[in-house]
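# quick one: sequence plus predicted model below, questions after.
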Amino acid sequence: MGSSVSTKGRSKQAAPPRNRVHTETTASDGCIDVPPGRKSPRPDKRTSEPAVVVEQDAVRGQSRNQRQHIGSLKPTPTTVANSGEKNAVENDTQGCSVQPPKSSSSNESVSGKRLTPRKKGSPPRRQGPSKEDLTMSLELCTDNLPPTDSLEALEKASKRIRKICTFLQSRGNVPSNLLKRNLHYIADVLEIVATDDASTDSRKSKVHQETKNDPSKDRRFIDEDDELSEVEPDAVPMEVRDWLASTFTRSASVTKSGEKEKKTFRSIVQAVRAANLVDRLYRRMSTSAVTYPPTVMKLFKSLDDWSFDVFALNEATNGQALRYVTYEIMMRYDLLAKFKIGVGTLFNFLEALEVGYSKYQNPYHNLVHGADVTQTMHSILFQTGLVQWLTDVEIFAVVFSAAIHDFEHTGETNNFHVMSRTETALVYNDRAVQENHHISAAFRLMTDDNLNIVYNMSKDDYKDFRTLVIDMVLATDMSYHFAQVKQMKSLLSCPDNIDKAKALSLVLHTADISHPAKNWTLHEHWTELLMEEFFRQGDKEQELGLPFSPLCDRKTTMVASSQIGFIDFIVQPSFEIMSDMLDKVVAPISPRGSLANQSSATISEKVEAEGSPQNGDQSEEPFEFKVDRVWDGHLTGNKVKWKEQSTKDQAEKEAREKAAQKAKEDAEKRDQSPLDDKAEEKKDAENPPKITANGTVSPGNAVDLKVKPSTSPENDDQVSTKEEAVGTASPEHAEKRTTEEDKPGKIESITVKSVTKRKESGV
Ligand SMILES: Nc1nc2c(ncn2[C@@H]2O[C@@H]3COP(=O)(O)O[C@H]3[C@H]2O)c(=O)[nH]1
Ligand SMILES: [Zn+2]
């Protein structure tokens with residue numbers, strides 16, 4: 001699973017963090033041993049109101065005793081992939097003995113795990129295993145299976161696969177522990193077949209003898225199982241091919257005769273097919289390991305959409321939007337199976353991410369923003385077809401980067417960190433202070449085995465993954481914005497060789513500032529949250545005796561006009577260059593357009609069927625391809641709204657100023673007649689002027705008389721650079737600005753006219 005991300009000139013990267021040797025073993029009875037030294041997962045302390053059940057570590061083979069209860073079991077559980085199907089039965093029997101159903105009053109699952117009490121009015125919870133569950137447990141019991149190297153084992157294994165398929169078809173699910181034990185048994189048997197070493201494998205000679213006597217037996221094994229035979233060996237994932245290659249090499253070294261070579265090859269084909277099946281079964285098992293509440297299911301139907309409502313999702317998930325979105329997207333790209341990520345490990349990691357995002361209780365930079373950017377990235381990738389340009393490692397890196405990109409954000413700008421000399425600014429020498437922290441802290445999480453979702457990645461993949469994540473998240477530092485846009489412009493002048501890391505960084509940066517390009521309801525809400533966060537920083541700055549950062553003074557900031565500036569100078573150019581880049585990149589690899597008319601819920605099947613994106617037919621002439629710039633309409637519409645708002649603001653402001661002027665004149669008059677002074681003051685205090693909605697002034701309400709002098713749109717004194725519109729100007733940038741601002745024609749001289757100039761405020 002190579003990556004085309006350039007790593008030239010980079011320092012050596014470490015292998016995925018591994019704190020222990022992974023010695024997962026398979027006991028002969030099919031039960032999975034826990035690797036020595038493995039820590040038990042932490043109890044679920046952080047989830048206050050959990051909403052999801054997962055079955056632990058399907059892929060990494062954790063014991064069912066380690067199964068973690070990450071969320072509450074919903075009363076009518078369904079999954080997105082298996083809509084309407086029955087939930088996995090939590091049959092937690094150690095061997096294959098059947099446990100009696102628990103009493104309905106007990107607050108425990110069959111597995112003995114505590115369940116969240118059923119909500120009032122919800123349907124009664126199932127009371128224990130049904131008759132069919134018991135039949136399944138018995139039929140898939142692994143206790144009395146023949147030894148894996150015996151002849152009967154082959155037959156048994158094949159029958160087991162059939163049975164599993166039947167149960168999956170009729171019931172939609174098989175309990176993970178049963179599935180795991182059976183799959184391990186089958187894998188063991190097939191491995192022995194594939195090895196095909198007659199000198200050490202007496203069973204092989206028995207098979208050979210039997211099939212010689214009765215060739216139908218051999219054919220039966222290959223042909224009987226439709227599930228196995230439908231998979232083409234070419235379609236196997238690279239990992240399986242790697243495994244095969246090593247198996248083949250080993251076999252070839254001891255193979256002498258042509259006949260034996262043939263047999264080995266046949267065994268390999270069988271093993272590949274089996275591996276594919278196992279892969280698919282794992283995927284199905286992973287999919288069904290999590291249950292979604294119906295409201296979440298409904299929302300996920302629009303997960304691919306540009307207008308996805310992340311706030312609604314956050315509500316539907318009791319404030320866990322990030323874990324849901326990330327998990328679902330990773331499932332849709334089949335990343336759990338591809339990188340052998342255990343469901344439990346992933347949930348531990350996502351939970352820790354959510355904890356980090358909630359650390360500072362920020363109005364804007366919280367887990368909902370993390371979820372929003374992750375979903376937006378997915379929407380861009382999927383709807384434009386960009387995903388077809390990417391390797392699995394890159395897709396994983398993109399989703400991961402988006403999910404972690406503001407991890408443990410403090411709710412302040414980098415500039416604030418620098419100016420107030422925080423510890424983080426010290427650690428990162430004032431450069432991309434927060435972004436460096438987001439990355440470092442997120443990777444640090446994975447040094448804990450229980451959170452290490454890159455555990456099973458190959459060293460090379462991990463290196464590419466980490467490099468790309470670092471590149472992408474560092475590029476979300478707003479102070480790189482102009483450099484990024486400029487760089488992409490020059491890259492697009494020779495579009496044959498667009499650097500993937502740069503392209504993906506631009507997409508993440510654009511997704512990070514994408515809410516002004518969403519529908520008004522979403523954008524207005526995000527703006528409110530961000531402004532509140534900016535204002536809180538302003539409050540702190542005031543407390544610390546620091547000057548207000550741009551847009552941080554809650555008393556004077558003109559939100560509407562600053563948003564127009566933000567859209568005009570930052571957001572629109574970002575979307576424009578990103579769209580141009582997408583047109584260039586996607587056209588040659590997506591000859592018949594994007595995946596837009598499909599759902600990402602089926603994307604892994606599509607990629608499987610069509611082969612890897614890099615194998616696409618590139619011989620055809622690239623046709624005039626344009627991505628659907630769904631964002632353009634919103635940007636225009638939102639700007640119109642802000643302009644209306646700005647006009648209103650302006651009227652109100654003028655009214656305030658008029659009132660201030662009047663008060664000043666009155667004060668002056670009072671100064672001239674000191675005797676009346678006290679009486680006038682008293683009158684003013686009792687009955688201050690009032691501003692109505694349309695900006696006119698009437699007596700009867702308080703007015704902020706501290707407001708600065710008029711800031712007419714024509715007044716070039718009211719200068720705010722693009723950085724000020726963003727509110728995140730870095731000190732380096734600010735410095736550059738002052739030296740370059742005077743130069744005629746420099747882009748830095750563009751003004752956001754109605755934002756009050758800080759200098760005038762005298763703070
Ligand atoms: N002025 C302004 N800044 C924004 C808006 N949306 C995002 N930003 C800034 O852009 C930054 C992008 O990176 P972050 O998410 O860290 O922080 C974001 C905000 O500081 C917006 O609507 N208006
Ligand atoms: Zn962000």
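Good, I have the coordinates. Ligands and ions are numbered 1, 2, ... in the order given.

# all strands for this structure, in order.
Along the chain, the segments classed as strands by DSSP state E run 689-691, 697-699.

# which stretch in these is the model least sure about?
If the strands of the chain are sorted by mean pLDDT, strand 697-699 sits at the bottom with a mean of 30.

# dump stretch 413-425 to PDB, restricted to CA.
Once non-C-alpha atoms are left out, stretch 413-425 reads as follows in PDB (Å, rounded to 0.1, in the frame of the first residue of the first chain):
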ATOM      1  CA  THR A 413      -5.200  32.700  18.400                       C
ATOM      2  CA  ASN A 414      -1.500  31.900  17.900                       C
ATOM      3  CA  ASN A 415      -0.800  35.600  18.300                       C
ATOM      4  CA  PHE A 416      -2.300  35.600  21.700                       C
ATOM      5  CA  HIS A 417       0.000  32.700  22.700                       C
ATOM      6  CA  VAL A 418       3.000  34.600  21.500                       C
ATOM      7  CA  MET A 419       2.000  37.900  23.100                       C
ATOM      8  CA  SER A 420       1.100  36.400  26.400                       C
ATOM      9  CA  ARG A 421       4.200  34.100  26.200                       C
ATOM     10  CA  THR A 422       2.400  30.900  27.000                       C
ATOM     11  CA  GLU A 423       4.200  27.600  27.500                       C
ATOM     12  CA  THR A 424       3.100  26.300  24.100                       C
ATOM     13  CA  ALA A 425       4.500  29.400  22.400                       C
END
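
# pLDDT of it, averaged?
Rounded to a whole number, the mean pLDDT of stretch 413-425 is 98.

# anything in it near ligand 2?
No: using CB under 5 Å from the ion, we find that stretch 413-425 stays clear of ligand 2, coming within 11.7 Å at best. From N, CA and C alone the C-beta is placed, and that goes for glycine too.

# for that stretch, buried residues please.
Residues of stretch 413-425 classed as buried under the neighbour-count rule (16 or more other CB atoms under 10 Å) are 413-419, 422, 424-425.

# format the residues you listed as JSON lines; extra columns: distance to Thr166.
Conversion of these to JSON lines gives the following (distance: CB to CB, whole Å):
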{"residue": "Thr413", "distance to Thr166": "59"}
{"residue": "Asn414", "distance to Thr166": "58"}
{"residue": "Asn415", "distance to Thr166": "63"}
{"residue": "Phe416", "distance to Thr166": "62"}
{"residue": "His417", "distance to Thr166": "60"}
{"residue": "Val418", "distance to Thr166": "64"}
{"residue": "Met419", "distance to Thr166": "67"}
{"residue": "Thr422", "distance to Thr166": "61"}
{"residue": "Thr424", "distance to Thr166": "57"}
{"residue": "Ala425", "distance to Thr166": "62"}
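
# closest one to Glu351 out of these, please.
Thr424 (23.4 Å; CB to CB).

# surely the closest one and His417 touch.
Yes: in this structure, Thr424 is within contact of His417 by CB atoms under 8 Å, at 5.6 Å.

# overlap in contacts, these two.
Listed as contacting both Thr424 and His417 by CB atoms under 8 Å, 6 or more residues apart in numbering are 410, 433-434.

# next to ligand 2, which bits of the stretch 401-550 of the chain? Give me the list.
Taking CB under 5 Å from the ion as the contact definition, the stretch 401-550 of the chain meets ligand 2 at 406, 512.

# interface residues of the stretch 401-550 of the chain facing ligand 1?
Residues of the stretch 401-550 of the chain lying close to ligand 1 (CB under 6 Å from any ligand atom) are 406, 476, 478, 512-513, 516, 527, 530.

# picking up where we left off before, who wins for most neighbours among the shared contacts of Thr424 and His417?
The most crowded member of those, judged by other CB atoms under 10 Å, is Gln434 (27 neighbours).

# could you measure from the residue nearest to that one when sequence neighbours are not counted over to ligand 2?
Using CB to CB, 6 or more residues apart in numbering and skipping residues adjacent in sequence, the residue nearest Gln434 is Asn414, 5.6 Å away. Going from Asn414 to ligand 2 by CB to the ion, to the nearest Å gives 12 Å.

# could you find the closest non-adjacent residue to the closest residue to ligand 2 within the stretch 451-600 of the chain?
Among residues of the stretch 451-600 of the chain, the one nearest ligand 2 by CB to the ion turns out to be Asp512. It sits 4.3 Å away. Distance criterion CB to CB, 6+ apart; nearest residue to Asp512, sequence neighbours excluded, is Thr476 at 5.1 Å.

# my guess is the one you found contacts His405, does it?
Yes: Thr476 sits in contact with His405 when judged by CB under 8 Å, with a separation of 5.4 Å.

# what's the overlap in contacts for those two?
Jointly contacting Thr476 and His405 under the rule CB under 8 Å, 6+ apart are 435, 508, 512.

# most neighbours, which of those residues?
In terms of neighbours by other CB under 10 Å, the shared contacts of Thr476 and His405 top out with Glu435 at 24 neighbours.

# that one - nearest residue in space that isn't next to it in sequence?
Asp477 (4.7 Å).

# same deal with Asp539?
The spatially closest residue to Asp539, leaving aside those adjacent along the chain, is Arg554, at 7.3 Å (CB to CB, 6+ apart).

# just Met472 next, same as before
In space, and not counting its chain neighbours, Met472 is closest to Ser401: 4.2 Å by CB to CB, 6+ apart.

# look up how far ligand 2 lies from that neighbour.
From Ser401 over to ligand 2 (counting by CB to the ion), the distance is 11 Å.

# now for the longest helix seen in the chain, which elements pack on it?
Among the elements of type helix in the chain, defined by DSSP state H, the one spanning the most residues is helix 630-672. Under the contact criterion of 3 or more CB pairs under 8 Å, 6 or more residues apart in numbering; DSSP states H and E, helix 630-672 touches helix 520-544, helix 559-566, helix 572-589, helix 677-686, strand 689-691, strand 697-699.

# in helices only, show me the shared contacts of Thr424 and His417.
433-434.
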